[in-house]
Structures are given as C-alpha cells and as structure tokens.
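Asker: Sequence and predicted structure below; questions after.
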Amino acid sequence: MLKLYIGNKNYSSWSMRPWVLLTQAGIAFEEVRIRFDSFDDGSQFRRQIGAVSPVGKVPVLDDDGLVIWDTLAISEYLAERHPALQLWPADARARARARSICAEMHSGFTALRGACPMNIEADLHEAGALVWRDKPPVRTDVARLVAMWGELLAEHGGPMLFGPFSIADAFFAPVCMRLKNYALPVPAETKAYIERVSALPGVRAWMDGALAEQDFRAFEEPYRLRR
C-alpha cells in the first residue's frame, strides 16, 4: 500500500495537497504523521523524515520502496498510475493550464505564504486585517488568485476550477484555508469557491484532523502566544 508521510495537519500546507488528493480521489494509502518539533538538523522531525527522504521535508510518498518527495511529482505519479480517475483535466488545453497554475502555486505566492502561514485551528481575523493593511505584496498575490480562479470558474462552469475536482483544487486547498482563516477580503464568487473546497470530503477530513491535533508549535505561530 502507498504510504504518505506528512507533518502536522494544522500547519503543513504542503502535506495537505497530496493527502487531500489521495483522499478525495479514493486512493487507498497509509498515513504516517511525523510531528513537527523543530526544523533544526538534530530535531526528532529531521531524524525521522531524513530516514525516508533525501531532502528531509514532508510530504513524501512511498510506493513499495519508490520514494517521491515533491508535491508536483507525487501528483503526476498518481495521475499516471490512476488514469481512469482523471486527476488532471481530460482536455489537453485545460490540462496544460492546470499544470501551469499548479506550478505557479508551487513556486509563487510567496508573500501570502510568508505572511499568512497555514493554521486551520486559529482565529486569525485580526492578524489578517493587519497583514492586508501593511503588506501590499499580499494584496497583489490575492488579486492574482481572484483573477485566476474567477477566469477558470467562468470558463469551466465550476464547481471546481476545471469543472470536476482535480489536482489543481488540491493544490489550492491550503490557499483556501489561508484566505478563510485570515479573513482576507475577496469577492463573493471567490468566497463561494473557498466554501465549496472546504466542503469537499477530503478537505473536511483534513480540517477535522487538524482541529483534533491541539498541538501548539510556537515556531509555527507568529500571531499567538498560546492556543
């Protein structure tokens, strides 16, 4: 059986992407959670994940000894292994666009990701208001998301970015968590997409797991002193 190594569900946005993809697609896998303690070289987390992955980060997919440690590579592998599930859009042009926006997510939106680290359990509305007021690059990132999602939803008719659920929606699920938990101002159609993503069974299951952790990690909490 596939094994997926992940970090804390409350914090690990990169872990969330393949976990949601696997769960929403109905692909059986074993979850192996490695709790964040710190990211220092001598930390328990580094020792445990270092025994699995050459880069010492989560997520990692292990398929009977084949180790894949990048979210895009994991997604491509799953799509190739399960072609009937159509994890990428069936249309070649739509598929190219889906890959493009996933690559953009993979390497971009650094202002939003840096200022608003994922934290599903916390109420970060006040922190979000300060970020929105003081960080123009975050506003630029959000404007790009609003434009991108609006164009794709209009073109494909929803409910997801390319019609049915795809890898693209799994990639942007953690972004939906950020926009929602920091209450960043977005148009109604963007809010509606965020709510549809949040209601997906795979996303809901991840959120429930994050809420159940109740594990405060100070280095992941720039806006709180305690839970």
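Answerer: Noted; the coordinates are in hand. Residues are numbered from 1 along each chain as shown.
Asker: got the contact list for the longest helix anywhere in the chain?
Answerer: Counting residues, the longest helix found in the chain (DSSP state H) is helix 136-156. Contact with helix 136-156 is made by 94, 97, 101, 108-112, 115-116, 131-132, 161-163, 172, 175, 179, 184, 186-187, 189-190, 193, as judged by C-beta atoms under 8 Å, 6 or more residues apart in numbering. C-betas here are computed from N, CA, C, even on glycine.
Asker: Would you mind giving me the ChimeraX syntax to select the buried ones in those?
Answerer: Selection of the buried residues among those in ChimeraX, burial being defined by 16 or more other C-beta atoms under 10 Å:
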select :94,97,101,109,111,112,115,116,131,132,161,162,163,172,175,179,184,186,190,193
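Asker: which ones among the contacts of helix 136-156 are found in helices?
Answerer: Among the contacts of helix 136-156, the ones falling in helices (DSSP H) are 94, 97, 101, 110-112, 115, 131-132, 172, 175, 179, 189-190, 193.
Asker: and the gap between residue 148 and residue 168?
Answerer: 10 Å (C-beta to C-beta, to the nearest Å).
Asker: overlap in contacts of the two?
Answerer: residue 101.
Asker: and those two? which has more neighbours close in?
Answerer: residue 168 (27 against 19; other C-beta atoms under 10 Å).
Asker: Test my guess that the more buried one contacts residue 161.
Answerer: Yes: using C-beta atoms under 8 Å, residue 168 is in contact with residue 161, at 4.8 Å.
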